[in-house]
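K.L.:
Need a 3D model of the sequence below.
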Amino acid sequence: MSHPTLRQILRYLHGECEAAEVESITTHLGICSACRQEAEEEGEFDRRVRRAMEPAPAPPPLVDRIRRRLADEARAEALRRSTTGSRAALAAAAAFALIALLAVANPGGLVTALRPAGGSAVPAAHHYHGQLVCLGCARVGMGLDGQRRCLGRAGDREHVTGLQTADGALWRLAENEAVRPLLGQPELRGQRVHLEARAYPEIGYLGVVAVHPL
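P.N.:
Numbering: from 1, shown residues only. So this is what the prediction gives:
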């Protein structure tokens, strides 16, 4: 065999040659000192490159410091979520409790009884146009056919009839004589309505004064 090229030697060192070529080059390296030396030098260079590319382990003190930092951040994030969630849940529960209490104490005058903090005047009534929807189903993008079939469950405050205005906003309807017929008929979901109502955006409620036909 003639002297192998550098390309052949590299393929030989990387195990990319066929069995017959491996046997031929091995035999030649056994009798040719010049090619054997070249193969040894290329092999050593290849090993150095591979060692240089191996990732070095991080020092143990650095690993410990990173782990402590991650653990601290995880605890802080869990505490933040817990605190935020608790505050939101308490605020919602307080709003629902207030509305339920007022509805029991004064069913016909719930809207009048709902006043902003500080004793300021009851907000003026405005006109709201939109369609009746199941609030819980609308939030997840369910179609009107599904919304009409959704009856909710006793005590369920999500899957109840509400109003969706043209801008996509969802409003709960404070139960009173004006809207009670709408709330009790899921088959009306999808119907467009024109409400005269007072808005309480801080709790997402409309206090309906009158329902006007479209």
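K.L.:
use CA for all of it now, contacts and neighbours both
P.N.:
Fine.
K.L.:
Can you list the low-confidence ranges for the chain?
P.N.:
1, 49-58, 62-63, 66, 82-122, 153-156, 213-214 (pLDDT under 70).
K.L.:
hey, where'd the helices end up in the chain?
P.N.:
Here the chain has its helices, by DSSP state H, at 6-13, 19-31, 33-53, 60-105, 110-113, 135-139, 144-149, 180-183.
K.L.:
residues near the nearest residue to Q164 once chain neighbours are set aside, how many?
P.N.:
Spatial nearest neighbour of Q164, chain neighbours left out: L170 (4.6 Å); criterion: Cα to Cα, 6 or more residues apart in numbering. Neighbourhood size, L170 [other Cα atoms under 10 Å]: 22.
K.L.:
just H14 next, same as before
P.N.:
When neighbours are counted by other Cα under 10 Å, H14 registers 11.
K.L.:
ok, the residue nearest to Q164 - contacts?
P.N.:
L170 makes contact with L135, G162, L163, Q164, G204, according to Cα atoms under 8 Å, 6 or more residues apart in numbering.
K.L.:
show me the contacts for the third one.
P.N.:
So that's L163. So, once contact is read as Cα under 8 Å, 6+ apart, L163 ends up touching G130, Q131, L132, V133, L135, L170, W171, R172, L173.
K.L.:
Kindly report the same for the fourth one.
P.N.:
Listed by Cα under 8 Å, 6+ apart, the contact set of Q164 reads G130, Q131, L132, V133, L170, W171.
K.L.:
got it, and A197?
P.N.:
If a contact means Cα under 8 Å, 6+ apart, then A197 has A125, H126, H127, Y128, L206, G207, V208, V209, A210 as its contacts.
K.L.:
One more pass at 6 Å, please.
P.N.:
A125, H126, L206, G207, V208, V209 (Cα atoms under 6 Å, 6 or more residues apart in numbering).
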